[in-house]
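Fold the following.
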Amino acid sequence: MNASILRAAVCAALATAAPAVGAQLAWGTYDGAAGDDLAFAVAPHPSGGVVVVGETTSTSFPTVGSVFDTSHNGGEDVFVTRYDDTGVILWSTLLGGSSDDAARDVVVTPTGTVLVTGATTSSNFPTTLGAHATSGTGGFITELSADGSALVGSTIVTGAKPQRILRNDTTGAITVAGFVTSGPSTLFVTTLDAHESTYQGGTADGFVSCYDAALAALTYSTFLGGAGFDGVFGMVEGSSASTLILTGETASSDFVTTVDAVQSTYGGGTGSEAGDAFIVRLLVGTPGVAGVDYGSYLGGSSRETGFDIEVDGTTVTVAGQTDSSDFTTTVGAYQTTYGGGPSGGSAGDVFITCVDTSLAGALGLTYSTYIGGAANDHPLNMSVDASGTLTLVGAVSSLDFDTTSDAFDVSKNGGEDGFIVRFDPSTSTLVSSSYFGGLDRTGLRDAAVSGNSVVFAAQTRSSDLPTTPGASDATHNGEWDIYVADLTIDECDGSFEVSGAGCPSSFGIVPVLDIVGCSTSSERVWLTIRYVGLSGGTAFLFFGLGTDTVSIKPTCALENGPLTPLVLTLPLAPSAITGSALQVSGELPIIAAMADLYVQVAVVDPDDTIDGVGVTNVVKMTLAP
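Have a look, this model is predicted:
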């Protein structure tokens, strides 16, 4: 029987196209009014959906529901907006005083209350009775009720500009971190157990401040810095609530380091290009020098900034931007050379660096890579899933930024686009990468990741970003608008979709199993196809990648011996696969950047059971006409 007859026998009508694979927009919407509306952070909600925060100058910003504040107060106000999991706004409130107020980070508690932090220059920023500080300027921490209608608690963080917030779900304790500039530093309050109780110098110092759940008591507060600029831009809880892992930027050659640092000396840079990223493990409640039990620079001869940080045991992963052509990468890294033009120029690359803090010195650098093209590319936030895969969002100016074939958009659109990258440091694999933007500027500020869903908040000047039916706002409003979207990333990861049907043929009713999957050129798909039939039954197997011939490299001893390539070429003689059972197991190379994989098994007896085993799933079906 030749190949064309075989195809007819398994019913040509079932030769359907592969299902859509790649990033799909589940929903997308603008938000804002005639002024500048800027999203800065997004957090997942325990009931589904997200909360987005930022700042607005729009005097007619669209609030929704019976919320705490429906009127614009000053030059810039904070906005807090709650979306459901379809992109519908459930409530949206303003928050602020008579001057400028800007949100920088948000977390949602298990009960749905919303904790927001940021900066304020308003002397009348709303606070609550019994809060730690009810007057002053600098920063704020505010807890809103689950429906956005009332303040649960609100305090001023005097003299500071918070950039990050954490909440411990066991104790309810709240921690903020950021930087304190030289002028307001005299207003900043430290505690007796501070690591550094005085301002260290330069244009700014980093800080960390901890409060009780009611925002009534300041339980710990410290400066963190040296003689230059220092700021904390990423923070994660370590092995306990009293251990914080921090990253950011320092231009201080005397910044705190420890003897086991992966980099104990300042990398360099001058002027606007001065600065290294850093890693600090801070022991809350331990005073003085002993309060830092790990401290290290991360940097080359130009400028680095650490924007976000994650931790897994003793391994810390930092994502940031580097302008240095001599930033340290590791052997086998995804990109070992700087892509962003002349070192110290206006360009820059993303960096991802993993450090095992249990290992001293250079041994601690377990992985480090650039990701970037010839222009300016930088991440702004990072998250990690249970498998260790990182999701980064940020802004990209490079025309040659690496994308994958499952991207939502493989090419740059405007002066600056956003990007969504999924990266696995353990295998040095760019799992998924996409541009996202319009004809003008767009930057992705933050994302909430759940499975293959990436809900991101963006700042955009583009009026042509995609919106979906039922969007809260389908049109761009002012110069800068908020844009929020849910991008579902269906990665080419070797998983398969399976369907089956009964098809009439010259043999009678022939059940057909279709397995459709996808993988990238750097991956291999592992398959086991087993036919279990009645004694004397006959099966025809067709393996195809757009051809009639496929080589299979066995992983165990088959009839032709271990590791010997087995070539199945159509047509197959029926006698070759006649019997009560047949098993073929092997490694099937994918030969294109992205290839749709079809495996069809046709059997004569419609009551037979066929098992198809893929990389990530086991499918068992009994096919009947």
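
Number of residues surrounding the closest residue to residue 224 other than its chain neighbours?
Of all residues not flanking residue 224 in the chain, residue 206 sits nearest, at 3.8 Å (Cβ to Cβ, 6 or more residues apart in numbering). In short, each C-beta sits where N, CA and C put it, glycine included. Residues near residue 206, counting by other Cβ atoms under 10 Å, number 31.

Surely residue 206 forms part of a strand?
Yes: under DSSP: H, G, I helix; E, B strand; the rest coil, residue 206 sits within a strand.

That one pairs with what?
The residues listed as beta-bridge partners of residue 206 by DSSP bridges are residue 179, residue 224.

OK, contacts around it?
By Cβ atoms under 8 Å, 6 or more residues apart in numbering, the contact set of residue 206 is 177-180, 223-225, 230-232, 246, 248, 250.

Is it possible to get JSON lines of these that adds neighbour count, pLDDT and distance to residue 110?
Listed next are those as JSON lines, based on neighbours: other Cβ atoms under 10 Å; pLDDT from 0 to 100; distance: Cβ to Cβ, whole Å:
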{"residue": "177", "neighbour count": "28", "pLDDT": "98", "distance to residue 110": "22"}
{"residue": "178", "neighbour count": "28", "pLDDT": "98", "distance to residue 110": "25"}
{"residue": "179", "neighbour count": "25", "pLDDT": "98", "distance to residue 110": "30"}
{"residue": "180", "neighbour count": "29", "pLDDT": "97", "distance to residue 110": "31"}
{"residue": "223", "neighbour count": "21", "pLDDT": "98", "distance to residue 110": "32"}
{"residue": "224", "neighbour count": "29", "pLDDT": "98", "distance to residue 110": "30"}
{"residue": "225", "neighbour count": "30", "pLDDT": "97", "distance to residue 110": "34"}
{"residue": "230", "neighbour count": "28", "pLDDT": "97", "distance to residue 110": "33"}
{"residue": "231", "neighbour count": "25", "pLDDT": "98", "distance to residue 110": "30"}
{"residue": "232", "neighbour count": "29", "pLDDT": "98", "distance to residue 110": "26"}
{"residue": "246", "neighbour count": "25", "pLDDT": "98", "distance to residue 110": "25"}
{"residue": "248", "neighbour count": "32", "pLDDT": "98", "distance to residue 110": "28"}
{"residue": "250", "neighbour count": "33", "pLDDT": "97", "distance to residue 110": "35"}
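
is it true that residue 186 lies in a helix?
Yes: checked against three-state DSSP, residue 186 lies within a helix.

Geometric centre of the chain: which residue is closest?
By Cα atoms, centre = their mean, the chain has its centre lying nearest to residue 391, at 2.3 Å.

Kindly state the beta-bridge partners for it.
Residue 391 forms beta bridges with residue 383, residue 422, as assigned by DSSP bridges.

surely it meets residue 421?
Yes: Residue 391 is within contact range of residue 421, at 7.2 Å (criterion: Cβ atoms under 8 Å).

Flag the helix or strand of this protein with the lowest per-element mean pLDDT.
For the chain, the helix or strand with the lowest mean confidence is helix 3-9, at a mean of 26 (criterion: mean pLDDT, DSSP states H and E).

Neighbouring strands - and their directions - for the next helix or strand after it?
The element immediately downstream of helix 3-9 (helix or strand, assigned by DSSP states H and E) is strand 22-31. Strand 22-31 pairs in its sheet with strand 481-490 (antiparallel), by DSSP bridges.

Quick one: mean pLDDT over the strand it pairs with.
In this model, strand 481-490 carries a mean pLDDT of 92.

Check stretch 290-301 too.
The average pLDDT within stretch 290-301 is 96.

where does the stretch 1-150 of the chain dip in pLDDT?
Counting by pLDDT under 70, the stretch 1-150 of the chain has low-confidence residues at 1-22.

What's the separation between the closest residue to residue 417 other than its chain neighbours and residue 394?
Closest residue in space to residue 417, ignoring its immediate chain neighbours: residue 437 at 3.1 Å, by Cβ to Cβ, 6+ apart. Distance, residue 437 to residue 394, using Cβ to Cβ, to the nearest Å: 12 Å.
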